[in-house]
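**Student:** below are the sequence and a predicted model; questions follow.
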Amino acid sequence: MSDEMKLYVKQWINKAEEDLLVVTQLMKMEYPPKGAVGFHCQQATEKFLKAYLLFHDLDIPKTHNIEYLLEIAKKFNTEFGLINPGNLTDYGVEVRYPGDFLEPNLKELSSFIEIVEEVRRLSLFHIS
């Protein structure tokens with residue numbers, strides 16, 4: 001892998017880490033903005049997966065679909081196939097506009113955070 005590609009993968013990881021940091025900080029609030037937490041969980045998961053795919057020399061698809069990205073990632077590591085993303089994809093960019101109201105409950109947020117952390121663990125283990 002070229003140094004330029006390594007840098008590009010690292011940039012995806014850094015952006016994913018930023019989204020995860022936002023999740024962590026928002027969840028410390030007395031009343032966390034659940035829709036925003038869901039969005040940043042989706043974004044972090046997507047970015048970790050795309051970094052993983054880039055690391056494996058794949059062009060990253062222009063999609064926010066977590067199920068699809070997991071399906072591709074499991075070709076390199078079957079553990080990705082064990083992750084159930086639930087409806088995490090639904091919290092991507094589509095729900096960021098008025099009229100597309102979707103708000104997870106705290107139990108869903110906990111599961112989303114677990115998904116992000118598992119995808120992060122699997123991705124970084126192989127990339128590092």
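**Tutor:** Received the coordinates, thanks. Numbering: from 1, shown residues only.
**Student:** can you tell me the centre-most residue of this structure?
**Tutor:** residue 45 (0.7 Å; CA atoms, centre = their mean).
**Student:** give me the phi and psi angles of that residue.
**Tutor:** Dihedral pair for residue 45: phi -60, psi -50, per degrees, to the nearest 10.
**Student:** name the residues that touch the longest helix anywhere in the chain?
**Tutor:** In the chain, with assignment by DSSP state H, the single longest helix is helix 3-27. With CB atoms under 8 Å, 6 or more residues apart in numbering as the test, helix 3-27 has contacts from 1, 32-33, 36-37, 40-41, 43-48, 50-51, 54-55, 109, 113, 116, 120, 123-124, 127. Every C-beta, even on glycine, is put in place using the N, C-alpha and C of the backbone.
**Student:** again, 6 Å this time
**Tutor:** 32, 37, 40-41, 43-44, 47-48, 50-51, 54-55, 116 (CB atoms under 6 Å, 6 or more residues apart in numbering).
**Student:** cool, thanks, signing off.
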